[in-house]
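Trainee: Need the 3D shape of this:
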Amino acid sequence: MLSLSPRLQKILKWVGYPLFGLLSFIICIYVTFPYDRVKHVVEDHIAASGTMRASIGEVSSSPLLGLTLHDVKLTIMPKPPRPAFGRAAAAAPQQPARPTVMRFERITVGASLSTLFGRKLDVSFDIEGLGGSISGHYESQRAVGYAFNVKLKDINLKRVPQAQSAVGLPITGRVSGSLKLVAPRARLDNASGAINLACEGCSIGDGKAKLKVPGNALLAMGITLPRVRLGRLNIEVTIDKGKASFENVSSRSADGEIALEGSMQLRTPMAFANMSAYLKFKIAPALKRRDAKFELLTNGLARGKRSDGFYGMRLYGPLRTMRPIPSRFGPRGAGGAAGGAGRGARRGRFGGTRGVGGAGGAGRLPGRRFGR
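Mentor: Alright, predicted model coming up:
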């Protein structure tokens, strides 16, 4: 029989009893935890935002102080239309926008001990849905700010309604990559981080939706475009002191080429972020022969026709009021405002495989030291 010294017995007594109590407490939580109540609280909290509705199949436990939500459906409510005046008010009323739905098979969220004790919010998450998976980590602390690190794998853009809203046309393809951001004091104008995404088999248009260019007499009412192949779309952006620089945003396919350069100064809210960028694209002759609408499109953008065969558009001003302006030259610092807009960008930023981790270390997330 193993004999223990009185001192060791005393140590085991003071250590064993608390461990046994903690284990009993954890088991009690797992057995008696009100999962149905959590389900209703989450649904009510999301509905209180007024912009979304949630439906959760069931809630279960996961290891290390986590919860798993199964069969989650998020219904995103459309924004109310802006009031119309003048001729727009006299025109026939538009059809109201329909809610859009996003579905997730499983969402697992795990919290750290610091979250339970109220020091800061520190959670990790793992999501299966939208045709792929999303995983990452998020932490925030009052008077300090927030930070997150997200990885995406094979996300189907066809299942993400926000992607179509951002582009203005149906968009398809599968996205993989990462997003990192640190926002001290929750201020985007002083944020740092990086975006490194790639869309494989990307395409826009479906032959039904209309592309509208506000401020253009020919294209303001919209033009229906067929499906246009973009190929592999690369999105590499560095963020340093609130300035998001488009290091490599480009694609090339049999239907044409597209490239975006310049920068955007982040603001809170994002609707006030200030864009200073230049978008250029080239339409392949075969695509023009396939659909005559592209001749109409290029005619409407004649002011932006460049000597290298590309068409250019300036993107300038706050996001909430920004309108693309056809132009051969972009803003200063966004593609060479003085004649070399195409050559420098094509051979430099868009010709190689420039990394995202440059720009003063903006691609590195401080991580768990953020809240210390």
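
Trainee: Please look at residue 184 and residue 145 and confirm they touch.
Mentor: Yes. If you go by C-beta atoms under 8 Å, residue 184 and residue 145 touch, sitting 4.3 Å apart. For glycine as for every other residue, the C-beta is placed from the backbone atoms N, C-alpha and C.

Trainee: higher neighbour count, those two?
Mentor: residue 145 (18 against 14; other C-beta atoms under 10 Å).

Trainee: which residues does that one bridge with?
Mentor: residue 141, residue 184 (DSSP bridges).

Trainee: I figured it hits residue 185, correct?
Mentor: Yes. With contact defined as C-beta under 8 Å, residue 145 reaches residue 185; the gap is 5.0 Å.

Trainee: Near residue 17, how many other residues are there?
Mentor: Counted with other C-beta under 10 Å, residue 17 comes out at 10.

Trainee: Tell me the buried residues in the strand or helix carrying it?
Mentor: Counting by DSSP states H and E, the element that carries residue 17 is helix 6-32. When neighbours are counted by 16 or more other C-beta atoms under 10 Å, no buried residue of helix 6-32 is found.

Trainee: how about the helices in the protein?
Mentor: For the chain, the helices defined by DSSP state H occupy 6-32, 35-47, 87-90, 113-116, 161-167, 285-290, 293-300, 343-347.

Trainee: now those helices in TSV, with mean pLDDT and distance to residue 127?
Mentor: Below are those laid out as TSV (pLDDT from 0 to 100; distance: least, C-beta to C-beta, whole Å):
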stretch	mean pLDDT	distance to residue 127
helix 6-32	75	23
helix 35-47	89	14
helix 87-90	48	41
helix 113-116	73	19
helix 161-167	80	15
helix 285-290	87	37
helix 293-300	78	38
helix 343-347	38	36
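
Trainee: JSON lines for the ones you listed, including distance to residue 271?
Mentor: Formatted as JSON lines, the helices of the chain follow (distance: least, C-beta to C-beta, whole Å):
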{"stretch": "helix 6-32", "distance to residue 271": "42"}
{"stretch": "helix 35-47", "distance to residue 271": "22"}
{"stretch": "helix 87-90", "distance to residue 271": "22"}
{"stretch": "helix 113-116", "distance to residue 271": "30"}
{"stretch": "helix 161-167", "distance to residue 271": "13"}
{"stretch": "helix 285-290", "distance to residue 271": "34"}
{"stretch": "helix 293-300", "distance to residue 271": "27"}
{"stretch": "helix 343-347", "distance to residue 271": "28"}
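
Trainee: For residue 198, which of these is the nearest?
Mentor: helix 161-167 (14.4 Å; C-beta to C-beta).

Trainee: Going by contacts, tell me the helices and strands next to the closest one.
Mentor: With contacts taken as 3 or more C-beta pairs under 8 Å, 6 or more residues apart in numbering; DSSP states H and E, helix 161-167 sits against strand 100-111.
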